[in-house]
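Enquirer: sequence and predicted model, in that order:
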Amino acid sequence: MNFYNEMYDANDGVRAHYKGYEDWLKATPPERIERKRAEADLAFHRVGITFAVYGEEAGKERLIPFDIIPRIIPSAEWKALQSGLRQRVKALNMFLHDVYHDQEILKAGKIPAEQVLNNAQYRPVMQGVDLPGQIYAHIAGVDIVRAGAGEFYVLEDNLRVPSGVSYMLEDRKMMMRLFPELFAKHKVAPVQHYPDMLLEKLRAVAPNGVSDPTVVVLTPGAYNSAYFEHTFLAQQMGVELVEGRDLFVKDEVVYMRTTQGPQRVDVIYRRIDDDFMDPLVFRPDSSLGVPGILKAYQAGNVTLANAVGTGVADDKSIYPYVPEMIRFYLGEEPKLNNVPTYMCRKQDDLAYVLDHLPELVVKEVHGAGGYGMLVGPASTKEQIEHFRQLLIAKPDGYIAQPTLALSNCPTFVEEGIAPRHLDLRPFVLSSGECVNMAPGGLTRVALTQGSLVVNSSQGGGTKDTWVLED
Amino acid sequence: MLSRTADHLFWMSRYIERAENLARLLDVTWQMSLVPQAEEVANQNWNAIIVLNSLEEAFSAKYSAVNGENVLKFMVSDADNFSSIYSCLRLARENAHAVRGTLTTEMWETLNGTWLETKGRSFDQIAAAGISDYFEWVKMRSSLSRGTTLGTLLQDEAYNFIRLGTLLERADNTARILDVKYHVLRTHEDEGATDFYEWGALLRSVSAFEVYRKVYRDVITPDRVAELLILNKDMPRSLHFCLNSVIKNLDLIANRQSGETARQAGLLHAQLHYGRIEDILEQGLHEWLVDFMDRIYLIGDGISKDFLVPMSEAA
């Protein structure tokens, strides 16, 4: 397979936007690079930028490997991506408002109604609930890959509790600390204002009539894999980081317990899944959430970001319909490509998928984080047969896509510098009409040779992402 | 500030201070054990540390004999002993981790760094490198934590809870060191030279040797040592100094229900402020110190109930 290389063109010439970096890399003594890489490792450890890995020893913390070769995006490419992301996230928010209100898109027959209404992620409790600015996915982490000859595809829309933005910010900080000279030579668009943007968005969606809202970040606690990010964002925004047990509801109003008594809370940036938010409504065994919070939410006394019930829009079984949403709500053609997707619940699609398993990627409809998927070309016969049985047993639980020839980028690995596959997760913020994002996003890189799975839970690393200004 | 956050800050600072004071106590005992003396006396000193922390049972479950090596092993790097320096540093770091967003980057990195460094060292490594160096290191890391707190943290409620934790813990620890050492030393007061070294070591354990010289310009006597550690208002590890800071910080964070705790602290402070060493010694130093430690405990408990445990939900 031929892969698009981010740094070099097909004739091994350096792409124009990487010229400055490549010159620097050639001119810099390897010992200095080695020293800087060690320095970065040490600094990440001391700062404690770690994440917990599920399934490993409880409470174990690991570093996410950081690569010092940045992923560089030229200005024009970013502008195109940005406008495509705006369009897409806007349509997704309109879709969410619609399916919890008049359901026009279902009536128009654009998406089979049962696909939406019977979806486990569809939350009937949200029907008829009006949200400030009609925004559901205030923070979206859209995963984008480059494939084939260099065209971009949206791999998935993460609209529940997308994480990773702290790595985007810390990677930049680290890069500037290690190699300030690079930033003097390149016009790299800054990203450090992201927490400000986020706070502004959160304040903008406060309940009606609240002029100076109290915003908090709600975390499942110190043992969550993304705990570092929760503390980081709360600190950067200057708001309290709370756990479920710090909050309580009285007369449909949410309060936090403080040393000076109860204090009202207006906006909650929650990093807890729907299922755990309110034991009175969702999972009764959840000790992470706040009993009664959904009532307060439905009464409009508190804003949750993201809203309850966004999962129905980023579900893999709904993903194939996003281009249709864009046409339906905005009357525009989609600017970003979807990956062609086989829906295994359709008989023809299933037959095709079963015939072509070794060349396809199969994903669980509700899966996330790189768990529960099959990458055909990289799998053994046994693994493929295992998935065949799964598919036959529960076809509507899976979708399949052609294996994309993900682009790669030179990356430091044990053997030296070698190409590794990567993706991009921009963080898109919405409030009312306004959709913003920090230039670039988080670049994740699969460090294992040939691997197409970039998730940090599967051993992926990160790169600083540069959007070059003209 | 969230009650839970305040609780973590309070305990974080208590554990840092406890680690430091433990290092001080172990160091002075170690130094004293180097002065020629009967083995029985030396082991009696080591045993006092176990008794002081009410760890007799836990200790005897793991070690058969009370001696320097075993006690050091148990109190320095035994992960099963929740009162060891190792455990204190771990708990300090865990509490900090839970509220790292409230701490400044420098504070967090100091605490995290202390833990990472201590975690990687076995007792044998510590002993081989010189146990006194390790105690010195623990004290320095504690100083560094205090320094970054003072130099970088906004002096709001978070700062007040950190100070409260530090000063209550220190008051308790100074009282303990004094209680155990004063008692041991008084019983063999006639031994001249030994005495000088031992009283000197005790003063050094609370960084008060030079201070003593400066304040009294005279030979070291037990009563003056007691006076310095209890009543001197300017000596940072004295009980009076600690209580000064406790009432000041309590006043700054006062809420609707903290009046009684503030009153108790004020009462205790008044005793130190207006007290005379002659009266204390007449009452019996041991009795007085035990009473003092009880009351410190009650003040800590009061702070916990007034501020740290989730407050009543009836707003």
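Expert: In hand now; what should we look at?
Enquirer: so which helix or strand takes in A:G109?
Expert: Counting by DSSP states H and E, there is no helix or strand that carries A:G109.
Enquirer: burial of it, as a residue count?
Expert: Around A:G109 there are 8 other residues, counting by other CB atoms under 10 Å in any protein chain shown. (Each C-beta comes from the backbone N, C-alpha and C, glycine too.)
Enquirer: just B:V225 next, same as before
Expert: A count of nearby residues for B:V225, using other CB under 10 Å, gives 23.
Enquirer: how much space separates it from A:R160?
Expert: From B:V225 over to A:R160 the distance is 64 Å, taken as CB to CB, to the nearest Å.
Enquirer: what do you get for A:K36?
Expert: Distance, A:K36 to A:R160, by CB to CB: 37 Å.
Enquirer: look at these two and report which has more neighbours.
Expert: Per other CB under 10 Å, whichever of A:K36 and A:R160 has more neighbours is A:R160, with 25 against 17.
Enquirer: the more buried one reaches A:A313, doesn't it?
Expert: No. Counting by CB atoms under 8 Å, A:R160 stays clear of A:A313, with 9.5 Å between them.
Enquirer: please pull out the lowest mean pLDDT helix or strand from chain A.
Expert: strand A:50-52 (a mean of 60; mean pLDDT, DSSP states H and E).
Enquirer: please enumerate the helices of the stretch 101-250 of chain B.
Expert: Along the stretch 101-250 of chain B, counting by DSSP state H, counting those that start in this stretch, helices occupy B:105-119, B:123-129, B:131-152, B:157-187, B:193-205, B:209-216, B:222-231, B:239-253.
Enquirer: so which of those helices gets nearest A:M325?
Expert: When the helices of the stretch 101-250 of chain B are compared by CB to CB, helix B:105-119 sits nearest A:M325, at 42.7 Å.
Enquirer: so what does the closest one touch, helix or strand wise?
Expert: helix A:30-47, helix B:85-98, helix B:131-152 (3 or more CB pairs under 8 Å, 6 or more residues apart in numbering or on different chains; DSSP states H and E).
Enquirer: any idea which of the ones you listed gets closest to A:P284?
Expert: Closest of the helices and strands packed on helix B:105-119 to A:P284 is helix B:85-98, at 26.1 Å (criterion: CB to CB).
Enquirer: low-confidence regions, the chain specifically.
Expert: No chain in the question, so chain A it is. A:1, A:48-62, A:367-371, A:456-459 (pLDDT under 70).
Enquirer: right idea, wrong chain: chain B
Expert: Chain B contains residues with pLDDT under 70 at B:184-195, B:310-315.
Enquirer: domain assignment for it?
Expert: Here the domain parsing of chain B from automatic domain parsing is B:1-153, B:166-315.
Enquirer: would you mind giving these as TSV with distance to A:Q87 added?
Expert: Converted to TSV, the domains of chain B look like this (distance: least, CB to CB, whole Å):
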stretch	distance to A:Q87
domain B:1-153	35
domain B:166-315	45
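Enquirer: looking at the ones you listed, which is nearest to A:L442?
Expert: Closest to A:L442 of these is domain B:1-153 (CB to CB; 20.4 Å).
Enquirer: what's the end-to-end length of that closest one?
Expert: By CA to CA, to the nearest Å, the extent of domain B:1-153 from end to end equals 15 Å.
Enquirer: what about that domain, distance to the chain center?
Expert: 10 Å (CA atoms, centre = their mean, to the nearest Å).
Enquirer: hang on, isn't A:N337 packed against A:G148?
Expert: No. Here A:N337 lies out of contact with A:G148, judged by CB under 8 Å, at a distance of 9.8 Å.
Enquirer: let me see the contact set for A:D285.
Expert: Taking CB atoms under 8 Å, 6 or more residues apart in numbering or on different chains as the criterion, A:D285 is in contact with A:P279.
Enquirer: ok, now how distant is B:G275 from B:L268?
Expert: 10 Å.
Enquirer: please say which of those two ends up with more neighbours.
Expert: A direct count of neighbours by other CB under 10 Å for B:G275 and B:L268 places B:L268 higher, at 21 against 16.
Enquirer: quick one on the thing from earlier: so which of the helices and strands packed on helix B:105-119 is the most packed in?
Expert: Stretch with highest mean neighbour count among the helices and strands packed on helix B:105-119: helix B:85-98 (a mean of 22; mean count of other CB atoms under 10 Å in any protein chain shown).
Enquirer: and the contacts of that helix?
Expert: Residues from elsewhere that reach helix B:85-98 (CB under 8 Å, 6+ apart): A:48, A:222, B:4, B:8-9, B:11-13, B:15-16, B:18-19, B:22-23, B:26, B:75-79, B:81-82, B:103, B:107-108, B:111-112, B:114-115, B:118-119, B:138.
Enquirer: out of those residues, which are buried?
Expert: By neighbour count, with 16 or more other CB atoms under 10 Å in any protein chain shown, those hold A:48, A:222, B:4, B:8-9, B:11-13, B:15-16, B:18-19, B:22-23, B:26, B:75-78, B:81, B:103, B:107-108, B:111-112, B:114-115, B:118, B:138 as buried.
Enquirer: roughly how far is the helix or strand containing A:L294 from the heart of the chain?
Expert: Using DSSP H and E, A:L294 sits within helix A:293-298. Put simply, helix A:293-298 sits 26 Å off its chain's centre (CA atoms, centre = their mean).
Enquirer: which other helices and strands contact whatever helix or strand comes next after that helix?
Expert: Note on helix A:293-298: by DSSP H and E, the next helix or strand toward the C-terminus is strand A:303-305. Where contact means 3+ CB pairs under 8 Å, 6+ apart, strand A:303-305 is packed against helix A:194-204, strand A:267-270, helix A:293-298.
Enquirer: what about A:S287, neighbour count?
Expert: Residues near A:S287, counting by other CB under 10 Å: 12.
Enquirer: what do you get for B:Q125?
Expert: Neighbours around B:Q125, by other CB under 10 Å: 11.
Enquirer: same check on B:T105?
Expert: A count of neighbours around B:T105, defined by other CB under 10 Å, yields 13.
Enquirer: could you find the closest non-adjacent residue to it?
Expert: Nearest residue to B:T105, sequence neighbours excluded (CB to CB, 6 or more residues apart in numbering or on different chains): A:V47, at 7.3 Å.
Enquirer: report the contact partners of that neighbour.
Expert: Contacts of A:V47 by CB under 8 Å, 6+ apart are A:170, B:105, B:108-109, B:112.
Enquirer: so how far is stretch A:16-33 from its chain's centroid?
Expert: 30 Å.
Enquirer: would you indicate which residues of it are buried?
Expert: Going by 16+ other CB under 10 Å, stretch A:16-33 has these buried residues: A:17-18, A:21, A:25, A:33.
Enquirer: from these, pick the one nearest B:P36.
Expert: Closest to B:P36 out of the buried residues of stretch A:16-33 is A:I33 (58.2 Å), distances taken as CB to CB.
Enquirer: what are the phi and psi values for the residue lying closest to that closest one once chain neighbours are set aside?
Expert: Counting by CB to CB, 6+ apart, A:I68 is the residue found nearest to A:I33 once chain neighbours are left out, at 7.1 Å. The phi and psi values for A:I68, taken as degrees, to the nearest 10, are phi -90, psi 0.
Enquirer: next: B:L103.
Expert: Main-chain torsions, B:L103, degrees, to the nearest 10: phi -80, psi 160.
Enquirer: what's the spacing between the nearest residue to it once chain neighbours are set aside and B:L116?
Expert: Distance criterion CB to CB, 6+ apart; nearest residue to B:L103, sequence neighbours excluded, is B:A96 at 6.1 Å. Separation of B:A96 from B:L116 (CB to CB): 12 Å.
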